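> Just to be clear, the model below is a prediction. Sequence and coordinates:
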Amino acid sequence: MSVPFEVTVQDVKARLDAGEKLFLIDVREPFEHQLARIEGAELIPMNTVPQRLQEIEQKADDGVLVVFCHHGMRSLNVVNWLRGQGVEACQSMSGGIEAWSLAIDASVRRY
């Protein structure tokens with residue numbers, strides 16, 4: 001299964017609404033997660049991704065991983081690294097939680 005490297009927040013929202021099995025992975029730091037979060041997303045800080053690779057791979061077997069951060073840079077790095085480890089079913093959400101707040105859910109706090 002080949003999935004595009006990046007995905008827009010609008011695409012993520014549409015796919016979630018359509019019932020597609022997506023796993024939202026938040027790679028920001030815990031203090032950022034306290035400030036703002038997307039409901040249903042799992043916090044796996046970027047620096048813990050290598051230790052949690054097996055758990056992440058299992059999720060990718062069940063659905064596409066949508067990785068996000070604040071603006072989309074860390075998530076691009078994580079997706080690049082995951083794909084290098086053979087995890088193909090992952091995408092970076094372009095614009096991160098900032099874009100989500102602006103375009104999808106204004107109740108998600110911007111910081």
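Yep, it's here.
> Which helix or strand contains the residue nearest the centre of the chain?
In the chain, the residue lying closest to the centroid (Cα atoms, centre = their mean) is residue 67, at 1.9 Å. According to DSSP states H and E, residue 67 maps onto strand 64-68.
> Packing partners of that strand?
strand 22-26, helix 73-84, strand 90-93, helix 96-103 (3 or more Cβ pairs under 8 Å, 6 or more residues apart in numbering; DSSP states H and E). The way it works is simple: take the backbone N, C-alpha and C, and place the C-beta from them, glycine included.
> Measure how that strand sits relative to helix 73-84, angle-wise.
150 degrees (axes from the mean of the first three to the mean of the last three Cα atoms, to 10 degrees).
> what's in contact with strand 64-68?
With Cβ atoms under 8 Å, 6 or more residues apart in numbering as the test, strand 64-68 has contacts from 3, 7, 12, 20-27, 38, 41, 56, 59, 75, 78-79, 82, 87, 89-93, 96-97, 100.
> can you check stretch 19-26 too?
Under Cβ under 8 Å, 6+ apart, the answer for stretch 19-26 is 12, 15-16, 33, 37-38, 40-44, 56, 59-60, 62-69, 78, 97.
> Swap in 6 Å and give it another go.
Applying Cβ atoms under 6 Å, 6 or more residues apart in numbering, the contact partners of stretch 19-26 are 15-16, 38, 41-44, 59, 63-67.
> Quick one: the residues you listed as TSV, columns for pLDDT and distance to residue 107 too.
Below are those laid out as TSV (pLDDT from 0 to 100; distance: Cβ to Cβ, whole Å):
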residue	pLDDT	distance to residue 107
15	97	20
16	97	16
38	97	10
41	97	14
42	97	19
43	98	18
44	98	23
59	96	26
63	95	25
64	96	25
65	98	24
66	98	19
67	98	22
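> PyMOL command to pick out the buried ones of those?
This is the PyMOL syntax for the buried subset of the contacts of stretch 19-26, where burial follows 16 or more other Cβ atoms under 10 Å:
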select buried, resi 16+38+41+43+44+59+64+65+66+67
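> Residue 106: which of the contacts of stretch 19-26 is nearest?
Comparing those against residue 106 with Cβ to Cβ places residue 38 closest, at 12.7 Å.
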